[in-house]
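> Curious how this folds, go ahead:
(one chain, ligands or ions: 1)
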Amino acid sequence: MDRIFSGVQPTGNLHLGNYLGAVRNWVRLQNQYECVFCLVDMHAITLWQDPAALRAHTREVAAAMLAAGVDAEKHILFHQSANPNHAELAWIFNCVARIGWLNRMTQFKDKAGKNRENASVGLYAYPNLMSADILLYKATHVPVGEDQKQHLELARDTAQKFNNDYGVEFFPQPEPLILGAGTRIMSLRDGTKKMSKSDDSDYSRINMTDDADTIALKFRKAKTDPDALPETEAGLEGRPEAANLLGIWAALSDTSRAEAVARFAGRAFSEFKKELTDLAVTVLAPINGEMKRTLSDPAQIDAILKRGAQRAHALSAPIMDEVKDIVGFLK
Ligand code: TYM
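Numbering: from 1, shown residues only. Now for the predicted structure:
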């Protein structure tokens, strides 16, 4: 059976973009693939994280994933730092991937901002750790949102260069799975910016922990333009906020943006936002409730993650042993 690996950073609550772009697809793919899902805490510390907050967020994101339907019995759910093989393979990939490749990564440029000299070395080498995450399990498929596409290409290049350099057919070429209408959800305050955990304004995103009133308020305040909704998809040109909100509606209702446009053609934003709120609350409220229940027992979450880490290590250790042998490390 083909194998999935995917990860999420426990740097804050999951938001609607994480859910629609990634986690919902993970849940749906669980019947077709053997899955390894990871809370990538080692990626998280490439930017400063308060230790107590990191611990809390790791449990919260685990609870959100379980509440969304990740099956931690059938599949593997764990935190990255609990399997040391990730760091070991990342080092080897630091010696395989080229500086020129990393220099092209747009996410580093975005996250490092103007003060690049002061960014952590980890933030720069981040994509190599991500390649290691995936290839450590010889994963064949990686469900992610649009923003991770470039990192996936780097993982493919790294797999290929490793195979060529050492004259082996060892690592597979992992395929990205970028599925559905929600692969790039934008900020509710600015339709040209990605919805993100790190945005200063909480009004820019719907969090998986938001209650119905908060969801309603955030959609009510969401930026729009003065016109009614367009009759055709072409009419969304130059209207990023309208495009984003219709895209969210399409993703939440499992249709296409074209269908969303047809349904709300010519309607006022105010009416559309009410329907959008109702739909979002219907989808998110059960997850929210389940998440609260799960979080009330942190010891149970820790036990699930610990067991997941043991299973992850059992899967990766023989692969890591082979990698060390290929590279020429003594046993
Ligand atoms: P992270 O934590 O930023 O996001 C987790 C997942 O959510 C998707 N996503 C979005 N999708 C749609 N719209 C958005 N606004 C949006 N924001 C985030 C992301 O594409 C991602 O799928 N580097 C990764 C974590 C990672 C990983 C991996 C992923 C580490 N190792 C190996 C896959 C395989 C990241 O920072 O995701």
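> Any buried residues in the lengthiest helix in the chain, and which?
Scanning the chain for the helix with the most residues, using DSSP state H, yields helix 298-327. Neighbour-count burial for helix 298-327, counted by 16 or more other CB atoms under 10 Å, picks out 301, 304-305, 308-309, 311-313, 315-316, 319-320, 323, 326. Every residue, glycine included, has its C-beta placed from N, CA and C.
> Which of those sits closest to Val144?
If you rank the buried residues of helix 298-327 by distance to Val144 using CB to CB, Ala312 comes first, at 18.7 Å.
> Now do the same contact list for the closest one.
Ala312 sits next to Val36, Cys38, Ile76, Phe78, Ala82, Asn83, Tyr137 when contact means CB atoms under 8 Å, 6 or more residues apart in numbering.
> Get me the contact residues on the stretch 51-200 of the chain for the ligand.
130, 133-134, 142, 144-145, 147-148, 182-185, 194-195 (CB under 6 Å from any ligand atom).
> residues contacting the residue of the stretch 201-331 of the chain at minimum distance from the ligand?
Closest to the ligand within the stretch 201-331 of the chain is Arg205: 8.1 Å, counting by CB to the nearest ligand atom. Neighbouring residues of Arg205 by CB under 8 Å, 6+ apart: His15, Leu16, Gly17, Ser187, Leu188, Met195, Ser196, Lys197, Asp199, Lys218.
> give me that answer again for 10 Å
Contacts for Arg205 (CB atoms under 10 Å, 6 or more residues apart in numbering) come out as 12-18, 185-189, 194-199, 218.
> do Ala132 as well
With contact set as CB under 10 Å, 6+ apart, Ala132 has these partners: 42, 80, 85-94, 155, 158, 316, 320, 323.
> Same question for Ala243.
Neighbours of Ala243 in contact, by CB under 10 Å, 6+ apart: Met186, Gly191, Pro230, Glu233, Gly235, Leu236, Glu237, Arg257, Ala260, Val261.
> how about a cut-off of 7 Å?
Contacts were defined as CB atoms under 7 Å, 6 or more residues apart in numbering; by that measure Ala243 touches Gly191, Leu236.
> and after the helix or strand hosting it, which helix or strand comes next?
Assigned by DSSP states H and E, Ala243 belongs to helix 240-252. Remark: after helix 240-252, the chain's next helix or strand is helix 257-264, criterion DSSP H and E.
> what's around the closest residue to Leu154 other than its chain neighbours, how many residues?
Nearest non-adjacent residue to Leu154, counting by CB to CB, 6 or more residues apart in numbering: Pro127, 4.9 Å away. Other residues within reach of Pro127, judged by other CB atoms under 10 Å, total 26.
> Show the pLDDT at Pro127.
Looking at Pro127, its pLDDT stands at 98.
> That one contacts Asn103, doesn't it?
No: using CB atoms under 7 Å, Pro127 makes no contact with Asn103, being 11.0 Å away.
> quick one: the helices in the protein?
Using DSSP H, helices in the chain cover 16-18, 24-29, 41-44, 51-68, 85-94, 99-103, 106-112, 121-135, 149-166, 212-221, 240-252, 257-264, 269-295, 298-327.
> Reformat these as TSV; add distance to Phe5.
Below are the helices of the chain laid out as TSV (distance: least, CB to CB, whole Å):
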stretch	distance to Phe5
helix 16-18	16
helix 24-29	10
helix 41-44	13
helix 51-68	14
helix 85-94	11
helix 99-103	20
helix 106-112	18
helix 121-135	5
helix 149-166	10
helix 212-221	31
helix 240-252	23
helix 257-264	29
helix 269-295	23
helix 298-327	10
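> Most tightly packed of these?
Mean neighbour count (mean count of other CB atoms under 10 Å) peaks for helix 16-18 among the helices of the chain, with a mean of 25.
> ok, residues contacting that helix?
The contact list for helix 16-18, computed with CB under 7 Å, 6+ apart, reads Val8, Gly145, Ile185, Lys194, Met195, Arg205, Ile206, Ile248.
> if you set the cut-off to 8 Å instead, what comes out?
With CB under 8 Å, 6+ apart as the criterion, helix 16-18 contacts 8, 145, 182, 184-185, 194-197, 205-208, 248, 280, 284.
> what's the burial count for the residue of the stretch 51-200 of the chain found nearest the ligand?
Across the stretch 51-200 of the chain, the shortest distance to the ligand (CB to the nearest ligand atom) belongs to Gly145, at 2.5 Å. Gly145: 22 surrounding residues under other CB under 10 Å.
> What of Glu73?
Applying other CB under 10 Å, I find that Glu73 has 8 neighbouring residues.
> next one: Ala268
For Ala268, the neighbour count with other CB under 10 Å is 12.
> shouldn't it be in contact with Ala228?
Yes: with contacts defined as CB atoms under 8 Å, Ala268 counts as touching Ala228 at a distance of 5.7 Å.
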